[in-house]
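*Asks:* generate coordinates for the sequence data below:
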Amino acid sequence: MSSDYFSSDDFKDLLSRYQNMRRHSIVEYFDVDDIIDLSDYYMEYGNVADAIDALGFGIKTHPNNDQLKIVLAGIEVSQNNYRKADLILKSLNDGESLNDYYYVKAQLLLTIHADYDKANHTFNKWLELEFDEIERNNSHDDVGDLKRECYIHIITSVRELVSDFDSRTLLLVYWINQYVDTFADSEFGSYEKDINVADLCRYENLLECCEKIFILLLKNQPYLESGWTILATAQYSLGKYEESNES
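*Replies:* Down below sits the predicted model:
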């Protein structure tokens, strides 16, 4: 959900109606999309309790809706309540028909089960479904940016949810390499997310990934600020002294 929508008159009216209902205990109807928008708004501004409260109200109104429950499970994961999230997923009627089921399921595979191979498989299933949906939706302005955002979500989950250093490093290398291979074309580097992933490689000291991504960045953007210095440093640290001197 774009934060621009939260400034729109339509959303302000929705929020006002919801808050008025809760404040005065009056009867008001909100559909599933309304509830998700409200929970996204509260999460955007760090009001986790209000987001959960909105979803709880929505689930009472729409008790058979799996999408609301999956959103709630995702919030519980963000609060490290993995067992609660797992119980929510197990209560779904037909969760596997919804894309985000696989995303939250993969997060739980990282945390509760530490089954990293299965988590990767499940994240890839989510990516496949998301990419298909993105490509079918002709209203999207920038397909490349939306696809990159999917990878950023996965990489962020790995960084935040995997506590074992060695396992986290292996997973980050896997997903960063897949990111680079997926988007390795003439446009790589023209997206801010490409630079963000490159910076992550530096921050996490992933030298092989750093070399790979900066070679590609500099191929497309040879005047990238500090790019050659960063590449040379990574190559030197890898013992590639000749390549480092050339860079």
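*Asks:* and the next element down the chain from the longest helix along the chain?
*Replies:* With DSSP state H setting the assignment, residue counts place helix 116-136 as the longest helix in the chain. Following the chain from helix 116-136 toward its C-terminal end, the next helix or strand by DSSP states H and E is helix 143-161.
*Asks:* from the chain's centroid, how far away is the next helix or strand after that next one?
*Replies:* For helix 143-161, the succeeding helix or strand toward the C-terminus, using DSSP H and E, is helix 165-183. Computed by Cα atoms, centre = their mean, to the nearest Å, the chain-centroid distance of helix 165-183 equals 14 Å.
*Asks:* using PDB, list the CA coordinates for the helix or strand following helix 165-183.
*Replies:* Where DSSP H and E defines the elements, the next helix or strand beyond helix 165-183 is helix 192-203. As requested, the backbone C-alpha atoms of helix 192-203 are provided in PDB (Å, rounded to 0.1, in the frame of the first residue of the first chain):
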ATOM      1  CA  GLU A 192      17.600   2.500  -6.300                       C
ATOM      2  CA  LYS A 193      17.000  -1.000  -5.000                       C
ATOM      3  CA  ASP A 194      20.000  -2.300  -7.000                       C
ATOM      4  CA  ILE A 195      22.200   0.200  -5.100                       C
ATOM      5  CA  ASN A 196      20.600  -0.800  -1.800                       C
ATOM      6  CA  VAL A 197      21.400  -4.500  -2.400                       C
ATOM      7  CA  ALA A 198      25.000  -3.500  -3.300                       C
ATOM      8  CA  ASP A 199      25.300  -1.500  -0.100                       C
ATOM      9  CA  LEU A 200      24.000  -4.500   1.800                       C
ATOM     10  CA  CYS A 201      26.800  -6.700   0.300                       C
ATOM     11  CA  ARG A 202      29.300  -4.200   1.700                       C
ATOM     12  CA  TYR A 203      27.600  -3.900   5.100                       C
END
